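*Asks:* task: produce atomic coordinates for the following.
(one chain, ligands or ions: 1)
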Amino acid sequence: MLGAISSLFVQIGEVMRSAGLATVVRVGEGSELQPGDVVQCMPEKAARKLEIPPGGQLLDLLGPLGPSGGVTAYFGLLDVAKIKAGETLVVSAAAGSVGSVTCQIGKIYGAKVIGIAGSDDKCRWLKEGLKIDAALNYKSPTFQDEFNDAVGYLDVFFDNVGGEILDFALTRLNKGARIVLCVPYPSTTHQSHRVEGFVIADYADSFPEAFTNPGKWISEGRIIRKFHVAEKLEKAPESLPLLFLWRKHRKIGGSRFRSWCGPLDKR
Ligand SMILES: NC(=O)c1ccc[n+]([C@@H]2O[C@H](COP(=O)([O-])OP(=O)(O)OC[C@H]3O[C@@H](n4cnc5c(N)ncnc54)[C@H](OP(=O)(O)O)[C@@H]3O)[C@@H](O)[C@H]2O)c1
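*Replies:* Here you go, the predicted model:
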C-alpha cells in the first residue's frame, strides 16, 4: 500500500514530473494523431488528444480543464464531496486555480458558496466576477465573526490550504458534513463527518468526463477564468519564485512558460 502511494511522489534524484500540453509536430506510422493536434501529456500515460470546447481557448486546457486546476475541482467536489443543491459549500484559497473552479461548479450544482481568500481584491473578484454568495478575507481581524455570519454551519469544506482556516472550519460542521482535503495533508477523522483526501492522478482514466461537462460550461459562459502569461521559457527562473509568494495564481506548462491566474493581488 505504502509502495503504491509513494510511487506517486517524485523520489530524490528523479526528474520532476508534470502534466503538460503539446502540439503534435510529427506522427509515427499507425498513430491516431495528426500533426497540429493538441495533446495532453501525463507522466506514464499515452498522449491524449484534446478538443478546445466552443467558446474556450487553449489556456483553458491548463486551467479549468487542466488536471491540477478544474479537473481537481471537478472530482473533489462531485466525487469526493458529493455536493448537493441547497448545501453550504466553503472553499479556501477560493481565488486560486482549483478554488475558483470549485466555487463555480458549486454554484452550477445549486450550492450556497462562500469563498475564502487573502485580499479584498480577490474577494471582490469572487463576489462580483464569479457571483458566489459571499467571499471572506481571512486576514480581516473579524474573520471568524464574518465566517459565522456568512456561513453559519457548513455541509462541505473544500480545503486548499489547511492550517488555521481548516481548524476553524472544523468547528462549524453540520451533521454529515464532508471535508475534502485537497491540500496534501495527513488524514484525520471526525465523528459523523467524513474527511477524505484524494490525489487527482487516481482519476486519470476518467479525465474525459471532466472535459465534457466543464467544456460545456465554458461554452455556455458559466465558467469564468483569468490567465497570467509569462512569455518565453527563459523567463521561468524569475517567474517561478512567484509561486511561493502567493501574490498571483498560476499554472505552469506548455513549451512556453505560462500561468493561469485569478485577480492580481496588490500585496
Ligand atoms: N489533491 C490533488 O490531487 C491536488 C491537485 C492539484 C492541487 N492540489 C492542491 O490544491 C491546493 C490549491 O491548488 P491551486 O493550484 O489552486 O493553488 P494556487 O492557485 O497556487 O492557489 C494557492 C493559494 O493559496 C492561498 N494560500 C497560500 N498559503 C496560504 C496560507 N498559509 N493560508 C491561507 N491561504 C494560503 C493563496 O491565496 P490567498 O492570497 O487567497 O491567501 C494562494 O494564492 C494546493 O494545496 C494544491 O497542493 C491538490
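*Asks:* looking at this, I179 is in a strand?
*Replies:* Yes: if the criterion is DSSP: H, G, I helix; E, B strand; the rest coil, then I179 is within a strand.
*Asks:* that one touches V195, doesn't it?
*Replies:* Yes: I179 lies in contact with V195 (C-beta atoms under 8 Å); the separation is 4.5 Å. Heads up, the C-betas are built off the backbone N, CA and C, glycines and all.
*Asks:* which one of those two has more residues nearby?
*Replies:* Taking other C-beta atoms under 10 Å, I179 and V195 do not tie; I179 has more neighbours (26 against 18).
*Asks:* residues in contact with that one?
*Replies:* With contacts defined as C-beta atoms under 8 Å, 6 or more residues apart in numbering, the neighbours of I179 are V156, F157, D159, L166, A169, L170, L173, H190, H193, R194, V195, E196.
*Asks:* go on, I108?
*Replies:* W217, R222.
*Asks:* got the domain ranges for the protein?
*Replies:* Segmentation of the chain into domains, based on automatic domain parsing, reads 1-50, 70-201.
*Asks:* check these for me: which has the lowest mean pLDDT.
*Replies:* If you rank these by mean pLDDT, domain 1-50 sits at the bottom with a mean of 80.
*Asks:* what segments of the stretch 1-150 of the chain are strands?
*Replies:* 20-23, 38-41, 48-49, 88-91, 112-117, 134-137 (DSSP state E, counting those that start in this stretch).
*Asks:* and among these, the most buried is which?
*Replies:* strand 88-91 (a mean of 28; mean count of other C-beta atoms under 10 Å).
*Asks:* for ChimeraX, write a command that selects the buried ones of the contacts of I179.
*Replies:* In ChimeraX, a selection of the buried entries from those looks like this (16 or more other C-beta atoms under 10 Å):
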select :156,157,159,166,169,170,173,193,195
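*Asks:* going by distance to G86, which of the contacts of I179 wins?
*Replies:* V156 (11.6 Å; C-beta to C-beta).
*Asks:* how close does that closest one get to S92?
*Replies:* 12 Å (C-beta to C-beta, to the nearest Å).
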